[in-house]
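Colleague: just a sequence and a predicted model for now, questions to come.
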Amino acid sequence: MRISYIAGNWKMNTTKKEALDLVTELLNEGSFKNKVLIAPPYTLLDAISNAVKGTNLILGAQNMSTHESGAHTGEVSVLMLRDLGVDTVILGHSERRSIYGESDQIINTKIKLALKHNLNIIFCVGETLEERENGLAEKVVTDQIINGLEGVSDSDMDSITVAYEPVWAIGTGKTSTPEDADSIHRIIRNKIEAIYSKNVSEKLIIQYGGSVKPSNVKELMAKENIDGALVGGAALKAETFIPIMEYNK
Ligand code: PEP
């Protein structure tokens, strides 16, 4: 039986005060039957790390450099994330792929670097609207899985959660139907079984992301292959994030 895993990606939002207020509300008013992660911007990781220490709220980062250290102005390394108590890093988010040109190879380099330093990973995959309309959703997602996990071992897979996020559903208010999402999740699980084993594929947590809200979380989570949610907009307010993290309360 896989656990439910709800993650909030705050993207480039929140001042320090807003972030600390939000964490305080989540900790005071939320319950943590499910696994719950928040990924604030880099600038707030230190403050939020202190705020969540000793609680059930897991600290994530939204990205990291392909390099460990050195002359990479403006970048943040895996060592810096570890130093701040970050548990998990989100890699391959569609905004990193489409706006910042991150290829499968770049994402694979980051995945291997995160694994080397014992960071857990939420590895995002998903097709664009054009790719879906051209019947390419399955191929795009499968290729992203194969390329992103190149050189990743069976035992490394214990540190990896996959997030399926159809790009056309992110921040748009359009959600994949639970049936469509589940069918892509099944394709991902089958591909993981083919690359690794049934054991690895059955343990793998696959989150769905794309306009998840309190009103649709239950029907998504009811599907066999949907084990969690990666939440953007609705993660920015306790009143919308708490009902998602407590969808099965
Ligand atoms: C995301 O960016 O990962 C995301 C799913 O955003 P939203 O929930 O706002 O669609």
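Modeller: Noted; the coordinates are in hand.
Colleague: helices and strands of this protein: which one bottoms out on pLDDT?
Modeller: Ranking every helix and strand in the chain by mean pLDDT, DSSP states H and E puts helix 129-133 at the bottom, with a mean of 93.
Colleague: buried stuff in that helix?
Modeller: Using 16 or more other CB atoms under 10 Å as the test for burial, helix 129-133 gives E131, R132. For glycine as for every other residue, the C-beta is placed from the backbone atoms N, C-alpha and C.
Colleague: which residues touch that helix?
Modeller: Contacts with helix 129-133, where a contact means CB atoms under 8 Å, 6 or more residues apart in numbering, come from A137, V140, P166, V167, W168.
Colleague: contacts with the ligand among those residues, please.
Modeller: When those are filtered against the ligand using CB under 6 Å from any ligand atom, no residues are retained.
Colleague: please spell out the PyMOL selection for the buried subset of the residues you listed.
Modeller: In PyMOL, a selection of the buried entries from the contacts of helix 129-133 looks like this (16+ other CB under 10 Å):
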select buried, resi 137+140+166+167+168
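Colleague: could you dump the contacts of helix 129-133 to TSV with distance to N248, pLDDT and secondary structure?
Modeller: Below are the contacts of helix 129-133 laid out as TSV (distance: CB to CB, whole Å; pLDDT from 0 to 100; DSSP: H, G, I helix; E, B strand; the rest coil):
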residue	distance to N248	pLDDT	secondary structure
A137	28	96	helix
V140	31	98	helix
P166	24	95	coil
V167	28	93	helix
W168	27	90	helix
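Colleague: greatest separation within the contacts of helix 129-133: which pair is it?
Modeller: Within the contacts of helix 129-133, two members stand farthest from each other by CB to CB: V140 and W168, at 12.1 Å.
Colleague: distance of E95 relative to D87?
Modeller: Distance, E95 to D87, using CB to CB, to the nearest Å: 21 Å.
Colleague: what does this protein put close to the ligand?
Modeller: Within the chain, the positions near the ligand by CB under 6 Å from any ligand atom are 9, 165, 170-171, 209-212, 230-234.
Colleague: what count of nearby residues applies to N248?
Modeller: For N248, the tally of surrounding residues (other CB atoms under 10 Å) stands at 11.
Colleague: now L44
Modeller: Neighbours of L44 under the rule other CB under 10 Å: 19.
Colleague: do S211 as well
Modeller: So S211, with other CB under 10 Å, has 20 neighbours.
Colleague: tell me who's in contact with the nearest residue to it once chain neighbours are set aside.
Modeller: In this structure, S211 finds its nearest non-sequential neighbour in T175, 4.7 Å apart by CB to CB, 6 or more residues apart in numbering. Going by CB under 8 Å, 6+ apart, T175 touches A169, G210, S211, V212, K213, N216, L220.
Colleague: what about the helices in this protein?
Modeller: Assigned helices in the chain, in chain order: 16-29, 45-52, 78-83, 94-99, 104-116, 129-133, 137-148, 178-195, 198-203, 217-221, 238-245 (criterion: DSSP state H).
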